[in-house]
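# what follows is a protein structure lacking sequence information:
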Ligand SMILES: Cc1cc2nc3c(=O)[nH]c(=O)nc-3n(C[C@H](O)[C@H](O)[C@H](O)COP(=O)(O)OP(=O)(O)OC[C@H]3O[C@@H](n4cnc5c(N)ncnc54)[C@H](O)[C@@H]3O)c2cc1C
């Protein structure tokens, strides 16, 4: 079935669950009226459905390839990207000072969701440019901003992020790429980076690499890392492209999925680079890009899950197999277990979308008001949105294959592509394990204050729903209380014990937030009660088992020795 962009669902969540009106009420985002929000989401939905989605399967079968050291993109990607750039979608949240629209991240995230559902491999290209734009806006000097931001914002040039090296994955501080001053304010960058998404492109005139490297006086570890802009072609002061820089694509990776997205091994051989931000402060600058990208990856997860569910639903409505208990029902959708898979998938997608959009709202409110509370809310929600959204992508895509039965395992059906594409999402932009560790360590360095405020809010929502829906509201309230108690217990644990329980803790947190979102939704629209019931009665109960694991500590895990695992 062709993908249909879920404009209505995104609108509903923004209006009735997340409270987007609060963002639009700030002077900073006063232009984001309901009419404008509707127009933007509708137009992005049309682009996703009509132009991007038809490219998805073709790209899977015709991967990006390397010819004479240059990337050749999948068929149709140049046209698809042009439609994204010409529509102004790359610079939608970028500053108007350099040609952007300055719109809220809440709307941009809804757009990411739809474009990823339509064609994840292509959407990665503008995603990286958007992150780079934000990093430059915050950390680059005026000259770099004036040179790069207009071209990146218009989509004429594209951006990449270069962190990973063979020995430096999650441990970015282990990187070896060197930056040596040239004596004229520029730097010579030398080293190898691996897994660089869209590290080259025949679609954009220039590819601008943000590269992490170490200056000669840089300390060991993350403290000694600096950030550099290293363009493929060196522009003059007016942005006209000049000499080719000393960098090249060594090879492309052969991947499980996202075949249309070239994943490059990059070699920098004394390439000319410009420092972004202060020396040795590269990690802080790169974190701006990574945080932006982490939330966008959450939206990628929701988008792919949506596409996988739509695909499975179409099959379930068509495939006949055995007698069903529903009178007149003739297809597999009327078997209870198939209905369970589809309903659980829909409930999870709603929860993950609501969490991601709540995080986006917190970012918007923080930038519109400067409030530290909103900043802390955004920081807390980012790892939850990323890890839960991307786990849901894999779960739903796997359910999608299951709904198809044997045909799900056959490539022609298309269900398997969603599963293959989704599998990278819990890995890149910080694995979900690293996200969970971030949640229980750095994001709780405030003594859990931001977490407790969020739990309070879920409980207030449950109280408000108690009179009309005592059973469902009571269950959400009790789960939030259990999360509060587990959070207190986690905070009392040594760090490595927290880490041992971080993944189940994050999952339980997401289930509580997701259930709270469903409760809000059904209060706004009673027709949503059935789905809320699936979330609260079938998915939320898992929180108890997850929180029990969260508090269990590390000793029991280390007690299983490596030899025993090998036995
Ligand atoms: C398709 C693709 C696209 C990518 N795009 C980019 C890109 O554009 N730019 C870029 O710079 N990188 C990119 N990456 C790299 C990606 O971000 C890394 O693969 C990821 O950060 C994990 O690093 P790693 O692969 O070295 O795994 P490792 O760090 O070796 O991790 C292996 C396992 O150990 C766990 N682990 C590691 N350290 C810890 C710890 N301290 N505590 C607990 N568990 C730990 C991890 O969670 C994981 O399960 C991409 C990767 C892929 C596959």
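On my side now, so go ahead. Model, not experiment: these values are computed from the prediction.

# does residue 80 count as helix, strand or coil?
Using DSSP: H, G, I helix; E, B strand; the rest coil, the structure places residue 80 in helix.

# low-confidence stretches in the stretch 1-150 of the chain?
1 (pLDDT under 70).

# now do the helices in it.
7-12, 21-24, 34-46, 56-61, 77-86, 105-139, 142-154 (DSSP state H, counting those that start in this stretch).

# any chance of these in TSV, plus mean neighbour count and distance to residue 399?
Any C-beta I mention is one placed from the backbone N, CA and C, and that applies to glycine too. TSV is the format used below for the helices of the stretch 1-150 of the chain (neighbours: other C-beta atoms under 10 Å; distance: least, C-beta to C-beta, whole Å):
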stretch	mean neighbour count	distance to residue 399
helix 7-12	19	18
helix 21-24	19	33
helix 34-46	17	24
helix 56-61	18	19
helix 77-86	18	28
helix 105-139	27	16
helix 142-154	19	38
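
# out of those helices, nearest to residue 523?
For the helices of the stretch 1-150 of the chain, the distance to residue 523 is smallest for helix 7-12, at 12.5 Å, taking C-beta to C-beta.

# for burial, what's the neighbour tally of the residue in the stretch 251-400 of the chain positioned nearest to the ligand?
Of all residues in the stretch 251-400 of the chain, residue 263 sits closest to the ligand, at 4.5 Å by C-beta to the nearest ligand atom. As a burial measure, residue 263 scores 21 neighbours (other C-beta atoms under 10 Å).

# now it: closest residue in space that isn't a chain neighbour?
Counting by C-beta to C-beta, 6 or more residues apart in numbering, the nearest residue to residue 263 once its immediate chain neighbours are dropped is residue 253, at 4.3 Å.

# mind listing what the one you found touches?
195, 263-265 (C-beta atoms under 8 Å, 6 or more residues apart in numbering).

# separation between it and residue 536?
Note on residue 253: its distance to residue 536, by C-beta to C-beta, to the nearest Å, is 42 Å.

# surely residue 390 is in a helix?
Yes: counting by three-state DSSP, residue 390 is found in a helix.

# just checking: what are the partner strands of the longest strand belonging to the chain?
Counting residues, the longest strand found in the chain (DSSP state E) is strand 263-276. Partner strands for strand 263-276, per DSSP bridges, with pairing direction: strand 187-197 (antiparallel), strand 225-231 (antiparallel), strand 247-252 (antiparallel).

# get me the contact residues on the stretch 101-250 of the chain for the ligand.
Selection of the stretch 101-250 of the chain residues close to the ligand by C-beta under 6 Å from any ligand atom yields 161-164, 169-170, 195-197.

# between those, which is closest to residue 231?
Once C-beta to C-beta is applied, the member of those that ends up nearest residue 231 is residue 162, at 12.2 Å.

# which pLDDT value goes with the closest one?
With respect to pLDDT, residue 162 scores 97.

# do I have it right that it meets residue 208?
No: no contact is recorded between residue 162 and residue 208 when judged using C-beta atoms under 8 Å, the distance being 10.6 Å.

# okay, and the common contacts of the two?
With C-beta under 8 Å, 6+ apart, residue 162 and residue 208 have common neighbours residue 230.

# neighbour count for those two, which is higher?
residue 162 (29 against 23).

# what segments of the stretch 201-350 of the chain are strands?
For the stretch 201-350 of the chain, the strands defined by DSSP state E, counting those that start in this stretch occupy 206-214, 225-231, 233-235, 241-244, 247-252, 263-276.

# turn those strands into CSV, including mean pLDDT.
Converted to CSV, those look like this (pLDDT from 0 to 100):
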stretch, mean pLDDT
strand 206-214, 98
strand 225-231, 97
strand 233-235, 98
strand 241-244, 97
strand 247-252, 98
strand 263-276, 98
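
# export these to JSON lines and tack on distance to residue 417?
Converted to JSON lines, the strands of the stretch 201-350 of the chain look like this (distance: least, C-beta to C-beta, whole Å):
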{"stretch": "strand 206-214", "distance to residue 417": "26"}
{"stretch": "strand 225-231", "distance to residue 417": "33"}
{"stretch": "strand 233-235", "distance to residue 417": "34"}
{"stretch": "strand 241-244", "distance to residue 417": "35"}
{"stretch": "strand 247-252", "distance to residue 417": "19"}
{"stretch": "strand 263-276", "distance to residue 417": "17"}
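
# now do the same contact list for the residue in the stretch 151-300 of the chain that the ligand sits nearest to.
Relative to the ligand, the nearest point of the stretch 151-300 of the chain is residue 169 (1.6 Å; C-beta to the nearest ligand atom). The contact partners of residue 169, taken as C-beta under 8 Å, 6+ apart, number zero.

# for it, give me the pLDDT.
For residue 169, pLDDT reads 95.

# cool, and residue 329?
Residue 329 is given a pLDDT of 69.

# spatially nearest residue to the most centrally placed residue in the chain (excluding sequence neighbours)?
Centroid check for the chain by C-alpha atoms, centre = their mean gives residue 297 as the closest residue, at 1.3 Å. Distances taken as C-beta to C-beta, 6+ apart put residue 429 closest to residue 297, at 4.7 Å, once the chain neighbours are dropped.

# got the buried residues for the longest strand of the chain?
263-268, 271-276 (16 or more other C-beta atoms under 10 Å).

# would JSON lines of the contacts of residue 253 with distance to residue 354 be doable?
What follows is those, written out as JSON lines (distance: C-beta to C-beta, whole Å):
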{"residue": "195", "distance to residue 354": "31"}
{"residue": "263", "distance to residue 354": "31"}
{"residue": "264", "distance to residue 354": "35"}
{"residue": "265", "distance to residue 354": "38"}
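
# closest one of those to residue 110?
Nearest member of these to residue 110, counting by C-beta to C-beta, is residue 263, at 26.7 Å.

# ok, back up a step: my read: the residue nearest to residue 297 touches residue 291, true?
No: contact criterion C-beta under 8 Å: residue 429 and residue 291 do not qualify, at 9.4 Å.

# give me the more crowded residue out of those two.
More neighbours surround residue 429 than the other of residue 429 and residue 291, with 25 against 21 (other C-beta under 10 Å).

# assign that one to helix, strand or coil.
coil.

# so who does it touch?
Counting by C-beta under 8 Å, 6+ apart, residue 429 has contacts 290, 293-294, 297, 386.

# what's the closest of the residues you listed to residue 523?
residue 386 (27.7 Å).

# how about the residues of the protein near the ligand?
Residues of the chain lying near the ligand (C-beta under 6 Å from any ligand atom): 161-164, 169-170, 195-197, 255, 263, 424, 427-428, 430-431, 433-434.

# could you turn the buried ones of these into a ChimeraX selection?
A single ChimeraX command selects the buried members of these (16+ other C-beta under 10 Å):
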select :161,162,163,164,169,195,196,197,255,263,424,428,430,431,433,434
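
# roughly how far is stretch 157-174 from the heart of the chain?
17 Å (C-alpha atoms, centre = their mean, to the nearest Å).

# stretch 553-567 now?
33 Å.

# that stretch: which residues count as buried?
553-554.

# quick one: average pLDDT of that stretch?
94.

# tell me which residues are up against that stretch.
By C-beta under 8 Å, 6+ apart, the list of residues contacting stretch 553-567 reads 493, 496-497, 499-501.

# try it again with 7 Å
493, 496-497, 499-500 (C-beta atoms under 7 Å, 6 or more residues apart in numbering).

# just stretch 506-525 next, same as before
16-17, 347, 350-351, 354-355, 383-384, 387-388, 435-436, 439, 458, 461-462, 465, 472-473, 476, 479-480, 483, 528-529, 531-532, 535-536, 539-540, 542-543, 546-547, 550.

# many thanks, we can stop here.
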